[in-house]
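Student: Provided below are the primary sequence and the corresponding predicted coordinates.
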Amino acid sequence: MSSTIFRKGEDVNSFYNIEEEIGSGSFSKVYLADNLKTKDKVAIKVIERSQLGSEEALCLENEVTILSQIDHPNIVKCREVFEDTENIYIVLDLLAGGELFHRVLDKRVFTEKHAAAVLRPIIDAIRYCHDLDVAHRDLKLENILYETKEEDSMIKITDFSLAKIIPDDVFAITACGTPGYVAPEILEGSGYGKEVDYWSIGVILYTLLCGLPPFNENQNAELFEKIKTAEYSFPSPEWDHVSDDAKDLISKLLVVDPEKRLTAEEILEHPWMCIGAEDDSSSS
Ligand code: ADP
Ligand code: MG
């Protein structure tokens, strides 16, 4: 079990020295900080209350509640939560290796072996979340972070601000996520379940292997039309040297009907994931 401490009424500054900003998102700023007692370096996600509407305030409560219940090696750990009248402070383990997004920008494309090694822990962490009925709902390259700068650093899923508890027989309705990664059933607005995360994993895998996203339109209206019909392709020359197994796995994730989309178990059993695993063990 995780052991998040809720420090209601205590001042974050008497526990931490908050330093420079190291990241930001739509409603938060993330800072590097030192634990005054242990000297540990941490990341503190600061959310300004005045920025939040009532729906976002609920999301924040979700993030804190869900993160405090989650304990997996590939999911960021939440250590403590502070609140004052202006802000909420979520103290997280520091992930100093940067976003997967930046590694894709640096490398342009990942080899299939490398992409499989990146994908495996993500699938494992999402399977763990789904077993707890938690859907992440905002999986993307920016929300997957490396623990250290090393090439073979552990990777961790972060940003549970849109995560939601969706039991198997319940459907969520709220439209959310990030345009290029959003699943068709979210856009259709008639209810969706945890399968939305597997669609996003399809988008992530496609992007890792060719350096460009599968759905890429300037206007959201056009983008959403393409997503709703899963209209994407494997253009030449970017995809010429990518294996048929990799394309097969992507095409079984970017499936409009969520019931026909592969689940975590099925992804892990797919031949492409297995080839990656054999390569890994023989090379290391
Ligand atoms: P938002 O919900 O506003 O998108 P995130 O939780 O995604 O906020 O954090 C925003 C950015 O801050 C991330 O994309 C990442 O670059 C950085 N960040 C978040 N958590 C950490 C962490 N634990 N360690 C280091 N950087 C982090
Ligand atoms: Mg984010």
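Tutor: Received the coordinates, thanks. Ligands and ions are numbered 1, 2, ... in the order given.
Student: Could you use CA atoms for every contact and neighbour count after this?
Tutor: Will do.
Student: wait, isn't Thr178 in contact with Asp138?
Tutor: Yes. Thr178 is within contact range of Asp138, at 6.5 Å (criterion: C-alpha atoms under 8 Å).
Student: In this protein, what residue lies closest to ligand 1?
Tutor: In the chain, the residue that lies nearest ligand 1 is Gly25 (3.0 Å; C-alpha to the nearest ligand atom).
Student: Kindly list the main-chain dihedrals of that residue?
Tutor: phi -130, psi -160 (degrees, to the nearest 10).
Student: can you list contacts of the helix or strand Ile122 falls within?
Tutor: Assessed by DSSP states H and E, Ile122 sits inside helix 112-131. Contact with helix 112-131 is made by 70, 72-75, 135-136, 155-157, 194, 197, 205, 208-209, 242, 246, 264-265, 267-268, 272-273, 276-277, 279-280, as judged by C-alpha atoms under 8 Å, 6 or more residues apart in numbering.
Student: and with 7 Å instead?
Tutor: 72, 74-75, 135, 194, 208-209, 264, 273, 276, 279 (C-alpha atoms under 7 Å, 6 or more residues apart in numbering).
Student: Could you measure from Tyr181 over to Asp197?
Tutor: 9 Å (C-alpha to C-alpha, to the nearest Å).
Student: I should have written Val256 there, sorry.
Tutor: Applying C-alpha to C-alpha to Val256 and Asp197 gives a distance of 13 Å.
Student: Does Arg79 belong to a helix, a strand or coil?
Tutor: strand (DSSP: H, G, I helix; E, B strand; the rest coil).
Student: Can you name the residues that contact it?
Tutor: 4-5, 91-92 are the contacts of Arg79 under C-alpha under 7 Å, 6+ apart.
Student: Wasn't Val30 part of a strand?
Tutor: Yes. Secondary structure of Val30 (three-state DSSP): part of a strand.
Student: How about it, nearest residue that isn't a chain neighbour?
Tutor: Lys45 (4.3 Å; C-alpha to C-alpha, 6 or more residues apart in numbering).
Student: Contact residues of the stretch 101-250 of the chain facing ligand 1?
Tutor: The interface of the stretch 101-250 of the chain toward ligand 1, taken as C-alpha under 6 Å from any ligand atom, is made up of 142-143, 158-159, 161.
Student: Sweet, I'm off.
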